[in-house]
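Student: Any chance you can model this:
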Amino acid sequence: MANFLQKPLIDPAKSPIFYGYVILFIGTIGIYCSIPGQTIGVSVFTDPVKDALGLSRNQFSNAYMIGTIVSSLVIGRAGVWFDVYGARYVAFFAAITLGVTLFLCSWSAIMSSYIKELLSIDTWMIPFGLMTVLFFMLLFAGQGVLTMASRNVIMIWFDKNRGKVNSFSSVALSFGFSSSPLWVNALIEGYGWESTWQFLAIGLLVFSVFIYTFYKISPEKHGLLPDGAKSLSSDEKEKKVLPKQFTLEEAKKERAFWMYGLTLAFNSFFITGLTFHVVSIFTHEGFVKEDAIAIFLPGSMVAVTVSTIFNFLSDYLPLKLYLFLMLLGGFLASLGFLFLSTAVGVPMLIAGFGILGGFFAVLNAVAWPRFFGRAHLGSITGKIMSFLILASALAPSIFSLCLSTFGSYQMVGYLGLAFLVFLVIGSIKANNPQKKNDF
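Tutor: Residues are numbered from 1 along each chain as shown. Predicted structure coming up:
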């Protein structure tokens, strides 16, 4: 049995095309399949699930926050697993775990009622505790491990063309993620939230077979070179400077690690909070539900355009320029949030979160292998993923707290502007660790 599990079902060296393109295709699908464990996938279920469980919006948001915070505390370990066991096994078990968790989510109302009857207690704490555990499992397996392993395995198979291949993946994922609330909501309205989660679970379990079959950890393990290069000439070997392979502890000593990581975390915070409360945010400013939902399509178009252009250019341009452009998107989004009721508010918000999302797709994939090498990419990106998950965990409750405390969401805009000023100042010297004078 052990020999069977170790035996490769497909040999990349015998592929008629460079196997990295197979990895690009299947890895992109892998990230897309994490949608049920992402905020954009969970948020569609918020109203029907909280009503079925008898939870208020604040209680449901807090369950999400606690479960996600716990996930952020342990996701770094999954990065170490990636470095030790490879993408194949880590992504496979993440997909299995996510599929099983979705089945449990579909039975959450039944389980809550059963526990209440068993304990002879009728309290909101039971569904609250149950959803906290399920949110932890969803975010850890989906937003965390499956996403990280699928993105990393694509980046590992490419070097010089890393930005170009990431552009194709980013475009597909931008349209896929932005359209997912529409078809998930259609399934919920047609079949109910329980059956929808079960459909998604079956899809994850089926896809786990493809992960086990096609995911491969690196080209070198199969006698290949990144980008499909045949070989390096003697002159190229002499000129080629091998990048330093940073460990996680070494990476954490570099300013770029923190500034890029915190900027990406800001994106996760802002987009998660906006997505989770978008209808409430817009209705408090005098808009209708349709106006709120309508911002995602143009925002996605901006994100796709930005990610496509700058992914291609990332193979030639310094990433520090990208960092400041992403921060500019953050300023636009925060100002649009503050002036949402004015004529310029909605366009600024759309442009801002579109720019944020576009550069997030570039930097979160390209920056880490360029800055710190590929040898310890799992542990480094696992730590960064903990920042992103923690930020997304705090967002719904902080947004909700601002509303309940100040009567509007505008305080979020002021907090965002203050944090962005800190990031701009801190990023002035956040240079590429491989090349300290890299602007």
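Student: drop to CA atoms for contacts and neighbour counts, all remaining ones
Tutor: Fine.
Student: tell me the helices in the stretch 251-400 of the chain, going along the chain?
Tutor: Along the stretch 251-400 of the chain, counting by DSSP state H, counting those that start in this stretch, helices occupy 255-276, 278-283, 289-294, 296-313, 319-338, 345-372, 377-406.
Student: Minimum distance to residue 68: which of those has it?
Tutor: Judged by C-alpha to C-alpha, the one of the helices of the stretch 251-400 of the chain that comes nearest to residue 68 is helix 377-406, at 4.9 Å.
Student: Any regions of the stretch 301-439 of the chain where pLDDT drops low?
Tutor: Per-residue confidence of the stretch 301-439 of the chain (counting by pLDDT under 70) places the weak regions at 436-439.
Student: quick revisit: need the helices of the stretch 251-400 of the chain in a markdown table (columns: distance to residue 429).
Tutor: Converted to a markdown table, the helices of the stretch 251-400 of the chain look like this (distance: least, C-alpha to C-alpha, whole Å):
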| stretch | distance to residue 429 |
| --- | --- |
| helix 255-276 | 7 |
| helix 278-283 | 35 |
| helix 289-294 | 38 |
| helix 296-313 | 22 |
| helix 319-338 | 9 |
| helix 345-372 | 14 |
| helix 377-406 | 19 |
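Student: Let's check: the centremost residue of this structure is which one?
Tutor: For the chain, residue 143 is the residue whose C-alpha lies nearest the centre (C-alpha atoms, centre = their mean; 5.4 Å).
Student: Give me the distance between residue 248 and residue 374.
Tutor: Using C-alpha to C-alpha, to the nearest Å, one gets 11 Å for the distance from residue 248 to residue 374.
Student: So the residue nearest to the centre of the chain sits against residue 34, correct?
Tutor: Yes. The pair residue 143 and residue 34 passes the contact test of C-alpha atoms under 8 Å, sitting 6.1 Å apart.
Student: can you tell me which of the helices of the stretch 251-400 of the chain comes nearest to residue 195?
Tutor: Nearest to residue 195, of those and by C-alpha to C-alpha, is helix 255-276 at 21.9 Å.
Student: quick one: which of the helices of the stretch 251-400 of the chain is nearest residue 172?
Tutor: Set against residue 172 and scored by C-alpha to C-alpha, these come closest in helix 296-313, at 8.7 Å.
Student: Next, the angle helix 255-276 makes with that closest one.
Tutor: An angle of 160 degrees separates the directions of helix 296-313 and helix 255-276 when computed by axes from the mean of the first three to the mean of the last three C-alpha atoms, to 10 degrees.
Student: Need the contact partners of helix 296-313.
Tutor: The list of residues contacting helix 296-313 from outside it, by C-alpha atoms under 8 Å, 6 or more residues apart in numbering, reads 163-164, 166-168, 170-171, 174-175, 178, 350-351, 353-359, 361-362.
Student: TSV for the helices of the stretch 251-400 of the chain, including mean neighbour count?
Tutor: Converted to TSV, the helices of the stretch 251-400 of the chain look like this (neighbours: other C-alpha atoms under 10 Å):
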stretch	mean neighbour count
helix 255-276	23
helix 278-283	19
helix 289-294	14
helix 296-313	22
helix 319-338	22
helix 345-372	24
helix 377-406	23
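Student: So which of those helices is nearest residue 420?
Tutor: Distances from residue 420 to each of these were compared using C-alpha to C-alpha; the minimum, 6.7 Å, belongs to helix 319-338.
Student: list the helices and strands that closest one packs on?
Tutor: helix 255-276, helix 345-372, helix 410-427 (3 or more C-alpha pairs under 8 Å, 6 or more residues apart in numbering; DSSP states H and E).
Student: What segments of the stretch 101-250 of the chain are helices?
Tutor: In the stretch 101-250 of the chain, helices defined by DSSP H, counting those that start in this stretch lie at 108-119, 125-138, 147-156, 162-191, 193-214, 234-239, 248-251, listed in chain order.
Student: The fifth one - contacts with which helices or strands?
Tutor: Contact here means 3+ C-alpha pairs under 8 Å, 6+ apart; on that basis helix 193-214 packs against helix 19-32, helix 87-106, helix 162-191.
Student: Nearest to residue 129, out of the helices and strands packed on helix 319-338?
Tutor: Taking C-alpha to C-alpha as the measure, those were each checked against residue 129, and helix 255-276 came out nearest at 20.0 Å.
Student: That closest one versus helix 345-372: what angle between them?
Tutor: Computed by the same axes, to 10 degrees, the angle separating helix 255-276 from helix 345-372 equals 150 degrees.
Student: What is helix 255-276 packed up against?
Tutor: Counting by 3+ C-alpha pairs under 8 Å, 6+ apart, helix 255-276 packs on helix 39-42, helix 319-338, helix 345-372, helix 377-406, helix 410-427.
Student: Quick check, pLDDT for the residue nearest to the centre of the chain.
Tutor: Looking at residue 143, its pLDDT reads 85.
Student: For it, which residues are in contact?
Tutor: Each residue near residue 143 by C-alpha under 8 Å, 6+ apart is listed here: 34-35, 37-38, 389.
Student: Check residue 18 too.
Tutor: Contact analysis of residue 18 by C-alpha under 8 Å, 6+ apart lists 12, 227-228.
Student: any chance of these in TSV, with neighbour count and distance to residue 75 too?
Tutor: Converted to TSV, the contacts of residue 18 look like this (neighbours: other C-alpha atoms under 10 Å; distance: C-alpha to C-alpha, whole Å):
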residue	neighbour count	distance to residue 75
12	23	29
227	19	29
228	17	32
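Student: buried stuff in stretch 58-69?
Tutor: Judged by neighbour count using 16 or more other C-alpha atoms under 10 Å, the buried positions of stretch 58-69 are 59-69.
Student: quick one on the thing from earlier: between the helices and strands packed on helix 319-338, which gets nearest to residue 30?
Tutor: Across these (criterion: C-alpha to C-alpha), the nearest stretch is helix 345-372, sitting at 14.6 Å.
Student: That closest one packs against which elements?
Tutor: In terms of contacts (3+ C-alpha pairs under 8 Å, 6+ apart), helix 345-372 is packed against helix 147-156, helix 162-191, helix 255-276, helix 296-313, helix 319-338, helix 377-406.
Student: Next, format those as TSV and append distance to residue 421.
Tutor: Supplementary listing: these in TSV, determined by distance: least, C-alpha to C-alpha, whole Å:
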stretch	distance to residue 421
helix 147-156	29
helix 162-191	28
helix 255-276	11
helix 296-313	23
helix 319-338	9
helix 377-406	18
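Student: nearest to residue 128, of the ones you listed?
Tutor: Ranking the helices and strands packed on helix 345-372 by distance to residue 128, with C-alpha to C-alpha as the measure, places helix 377-406 first at 14.4 Å.
Student: between the closest one and helix 345-372, how many degrees?
Tutor: 150 degrees.
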